[in-house]
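Visitor: A structural model of the following input is requested.
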Amino acid sequence: MLGALTWFLVFQLIGEVAVQWFKLPLPGPVLFAVLVMHGGVPDNLRNTSNATLQHLMLLFVPAVCLKQLA
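Guide: Purely as a prediction, here's the structure:
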């Protein structure tokens, strides 16, 4: 799982650098394009992304709580 999260961050970084470097009007993540070229999603990446999506709301709880306190 840690390896798959590392890949997520690496692709995010590559995408952000490409957008800033070439002044592209595109979003930073290029993970989708690489996976399409690769021919599919590896199992460990699929499992990690499914687990992340299932618990995605936990990442937003602190921001919601802070907004309500303000």
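Visitor: what bits of the chain have low per-residue confidence?
Guide: Where the chain drops to pLDDT under 70, the residues are 28, 30-32, 36, 62-70.
Visitor: again, 80 this time
Guide: Applying pLDDT under 80 to the chain flags the ranges 1, 24-41, 57-70.
Visitor: Scan the chain for its longest helix.
Guide: For the chain, the longest helix by residue count, based on DSSP state H, is helix 2-22.
Visitor: Give me the distance from that helix to the chain's centre.
Guide: Relative to its chain's centre, helix 2-22 lies at 8 Å (Cα atoms, centre = their mean, to the nearest Å).
Visitor: Pull out the buried positions in that helix.
Guide: 4, 7-8, 11, 15, 19 (16 or more other Cβ atoms under 10 Å). Glycine gets a C-beta too; all of them are placed from N, C-alpha and C.
Visitor: helices and strands around that helix, which ones?
Guide: Under the contact criterion of 3 or more Cβ pairs under 8 Å, 6 or more residues apart in numbering; DSSP states H and E, helix 2-22 touches helix 31-38, helix 43-54.
Visitor: how about CSV for those, with mean neighbour count and distance to Lys23 added?
Guide: What follows is the helices and strands packed on helix 2-22, written out as CSV (neighbours: other Cβ atoms under 10 Å; distance: least, Cβ to Cβ, whole Å):
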stretch, mean neighbour count, distance to Lys23
helix 31-38, 12, 18
helix 43-54, 13, 29
